[in-house]
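In: What follows is a protein structure lacking sequence information:
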């Protein structure tokens, strides 16, 4: 009878040890997964076109010769959102006049653009900010459409070159302020 009790206790002990091991294995199961997070992208394009009405046509995007004082030419500047996400946009316009004689200081105010003040905000930091967010696949209202050469440009400006450097930048809209003027993350100059 003692042997039967010992065998029964041994069987119970074996059963308990297998049950504990099985429970332990069940509670410590491990599964390995990889999480992939894909960030959206921002991609913009600066679009410069012109109207053929001024007689210069599409040449305005490149070199333009023979512009006289008092003349206004067509130069339509827009930004297109070619990325997947909504973006805030800003544009910088720098003018430079290189005089043929090179020994005087040119008056940059003699060359003006008809900036759109309804849709673009002058940030007083060298940039014009598009007031609305720009959805993917959309274009801004033109920043300007015409460049005017003042009639008072005298002989000093004869054979001079006028260069306009236009640069556009974008930053994300998502989780980035309530307006373009509150947005952060603009590229630093030179980027």
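Out: Yep, that arrived. Small disclaimer: the values here were computed from a predicted structure and weren't measured.

In: which non-adjacent residue is nearest residue 130?
Out: Nearest residue to residue 130 in three dimensions, chain neighbours excluded: residue 89, at 4.4 Å (CB to CB, 6 or more residues apart in numbering). Just so you know, the C-beta spots here come from the backbone N, C-alpha and C atoms, and that holds for glycine as well.

In: and whatever helix or strand the one you found lives in, what does it pack onto?
Out: Per DSSP states H and E: residue 89 is located in strand 87-98. Strand 87-98 is packed against strand 44-49, strand 72-81, strand 111-113, strand 127-130, strand 161-172, with contacts defined by 3 or more CB pairs under 8 Å, 6 or more residues apart in numbering; DSSP states H and E.

In: If I look at the residue nearest to residue 130, what pLDDT would I see?
Out: Looking at residue 89, its pLDDT is 95.

In: Near the nearest residue to residue 159 once chain neighbours are set aside, how many other residues are there?
Out: Spatial nearest neighbour of residue 159, excluding adjacent residues (CB to CB, 6+ apart): residue 100 at 3.8 Å. Neighbour count for residue 100, taken as other CB atoms under 10 Å: 11.

In: contacting residues for residue 139?
Out: If you count contacts by CB atoms under 8 Å, 6 or more residues apart in numbering, residue 139 has them with 47, 78, 79, 80, 81.

In: From those residues, pick the one nearest residue 186.
Out: Nearest to residue 186 among those: residue 79, at 13.9 Å, using CB to CB.

In: isn't the closest one right up against residue 169?
Out: No - with contacts counted by CB atoms under 8 Å, residue 79 stays clear of residue 169, the gap being 9.1 Å.

In: any common contacting residues for the two?
Out: Shared contacts of residue 79 and residue 169 (CB under 8 Å, 6+ apart): 44, 89, 91.

In: Throw together a ChimeraX command that grabs the buried residues out of these.
Out: To isolate the buried ones among the shared contacts of residue 79 and residue 169 in ChimeraX, judged by 16 or more other CB atoms under 10 Å, type:
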select :44,89,91
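
In: now the shared contacts of residue 79 and residue 169 as CSV including distance to residue 144?
Out: Rendered in CSV, the data for the shared contacts of residue 79 and residue 169 read as follows (distance: CB to CB, whole Å):
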residue, distance to residue 144
44, 17
89, 15
91, 10
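
In: wait, which of the shared contacts of residue 79 and residue 169 is closest to residue 115?
Out: Using CB to CB, residue 91 comes nearest to residue 115 of these, at 10.0 Å.

In: and that closest one, what does it touch?
Out: 46, 77, 79, 120, 127, 128, 130, 143, 166, 167, 168, 169.
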